[in-house]
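Trainee: would you be able to build a 3D model of this:
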Amino acid sequence: MAQHFLLSKAARTLNLSKVARMSDDEAWSTFKAIRWEATEGAPFCPRCGCLKHSFIATRKLFKCAGCRHQYSVTSGTIFASRKLPIRDHLLAIAIFANGAKGHSALQLSRDLDCQYRTAFVMAHKLREAVAAESADTTLEGNVEVDGAYFGGHVRPENMKADRRDRRLAENQTGKRRVVVVIRETKGKALTFAFRSEAESVPTIVERVAPGSVVHADEAKGWDRLHASFKTHRINHQQAYSADGACTNQAESFFSRLRRAEMGVHHHVAGPYLAAYAGEMAWRENHRRVSNGEQYALITGAALTHAPSKVWKGYWQRHTAKVA
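Mentor: Got it, this is the predicted structure:
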């Protein structure tokens with residue numbers, strides 16, 4: 001009991017009330033220290049890298065002495081062209097970090113007293129920033145692979161005589177997508193969204209190091225993995241783990257994603273499915289890290305990430321690609 005208390009206490013290192021009570025100057029100084037941590041808080045130009053600058057105090061802008069470019073503490077980051085105060089961005093990150101199963105945009109908009117659209121875009125910018133951490137990650141060793149389908153629900157007709165077999169392709173909406181997770185046993189997880197499990201095989205071959213041992217279930221989509229890896233298969237109709245084959249770690253990831261869908265977001269599908277899956281993979285990879293450290297990691301990721309190409313401007317819904 002004492003050990004459980006110490007572990008739970010160690011996980012609570014982020015005090016949300018302290019962030020909420022920050023003044024604008026304190027929030028600005030915090031952003032400045034995290035943004036330019038490599039130079040101990042000394043600003044440098046995002047265009048030419050020059051350290052020499054003048055400071056326009058009335059607008060809190062820096063003016064580069066080399067190229068004369070004016071930049072702020074959020075210029076060149078995912079928060080570029082912001083309209084909300086910096087303190088609200090720090091508070092949003094703190095709230096986002098504290099959500100063990102994620103945080104809905106509607107709830108975030110209520111917490112920050114802003115429009116739903118503002119909270120929705122901000123949350124997706126944070127998801128994009130944390131997902132970039134594993135953009136070039138390659139897994140090795142024992143790697144488990146599994147897929148789970150989301151979206152594309154077809155409501156059955158009221159009368160039994162009018163109902164059709166929803167398992168047939170012609171009776172489906174075509175919106176159903178599968179999230180494929182690639183996870184090292186007791187290691188990191190990577191997620192991707194596809195139309196079918198078979199489509200994910202080239203990505204798995206690319207992101208899993210040669211010589212690794214891949215574990216998969218009995219689905220036919222994984223048959224092509226045998227050509228590239230030593231592959232162990234497990235038939236879940238007979239056992240969950242047998243003869244050294246097991247996908248329990250991959251499947252445990254989906255319990256977090258399913259709970260996020262059912263308990264927080266209520267609908268996770270469509271063009272944003274990969275973003276939600278990437279967020280849950282990040283949370284799963286950092287589940288042993290305290291919320292204070294997660295807050296620092298998310299803030300650092302946001303302030304080192306370039307401006308979003310998807311969430312910059314007002315046309316993201318028309319430009320978002322369906323995975």
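
Trainee: how is the protein divided into domains?
Mentor: Domain segmentation of the chain under automatic domain parsing yields 14-73, 137-288.

Trainee: so how far is the last one off the chain centroid?
Mentor: Think domain 137-288. Centre-to-centre, domain 137-288 and its host chain are 16 Å apart (C-alpha atoms, centre = their mean, to the nearest Å).

Trainee: end-to-end on that domain?
Mentor: 19 Å (C-alpha to C-alpha, to the nearest Å).

Trainee: cool, the shortest one as well?
Mentor: Its start and end residues considered, domain 14-73 measures 23 Å (C-alpha to C-alpha).

Trainee: rewinding a little: next, format the domains of the chain as JSON lines and append mean pLDDT, distance to Arg82 and mean neighbour count.
Mentor: Where C-beta positions appear, they are placed from N, C-alpha and C, glycine not excepted. Converted to JSON lines, the domains of the chain look like this (pLDDT from 0 to 100; distance: least, C-beta to C-beta, whole Å; neighbours: other C-beta atoms under 10 Å):
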{"stretch": "domain 14-73", "mean pLDDT": "91", "distance to Arg82": "9", "mean neighbour count": "14"}
{"stretch": "domain 137-288", "mean pLDDT": "92", "distance to Arg82": "20", "mean neighbour count": "17"}
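
Trainee: out of those, nearest to Glu128?
Mentor: Within the domains of the chain, the stretch nearest Glu128 is domain 137-288; the backing value is 6.8 Å (C-beta to C-beta).

Trainee: wasn't Gly174 part of a strand?
Mentor: No. Counting by DSSP: H, G, I helix; E, B strand; the rest coil, Gly174 is located in no strand; its state is coil.

Trainee: after the helix or strand in which Arg233 is found, next one along is what?
Mentor: For Arg233, the element it lies in under DSSP states H and E is strand 230-234. For strand 230-234, the following helix or strand on the C-terminal side (DSSP H and E) is strand 241-242.

Trainee: sheet partners, orientation included, of that following strand?
Mentor: Strand 241-242 pairs in its sheet with strand 245-246 (antiparallel), by DSSP bridges.

Trainee: and the residue nearest to Ala132 when sequence neighbours are not counted, how far from Glu133?
Mentor: In space, and not counting its chain neighbours, Ala132 is closest to His305: 5.7 Å by C-beta to C-beta, 6 or more residues apart in numbering. Distance of His305 to Glu133, given as C-beta to C-beta, to the nearest Å: 10 Å.

Trainee: cool, Gly66 as well?
Mentor: According to C-beta to C-beta, Gly66 stands 31 Å off from Glu133.

Trainee: also Glu206?
Mentor: For Glu206, the distance to Glu133 equals 18 Å [C-beta to C-beta].

Trainee: what's near enough to touch the residue nearest to Thr138 when sequence neighbours are not counted?
Mentor: Residue nearest to Thr138 in three dimensions, not counting chain neighbours: Ala209, with 5.3 Å by C-beta to C-beta, 6+ apart. Ala209 makes contact with 138-140, according to C-beta atoms under 8 Å, 6 or more residues apart in numbering.

Trainee: tell me the one of the residues you listed nearest Tyr295?
Mentor: Using C-beta to C-beta, those come closest to Tyr295 at Leu139, 26.5 Å.

Trainee: you'd agree that closest one is up against Val205?
Mentor: No. Using C-beta atoms under 8 Å, Leu139 is not in contact with Val205; the gap is 11.7 Å.

Trainee: give me the common contacts of those two.
Mentor: Contacts common to Leu139 and Val205, judged by C-beta under 8 Å, 6+ apart, are absent.

Trainee: helices along this structure, start to end?
Mentor: Secondary structure of the chain (DSSP state H): helices located at 2-11, 16-20, 24-35, 86-98, 105-112, 116-131, 201-207, 248-260, 273-285, 291-304, 316-319.
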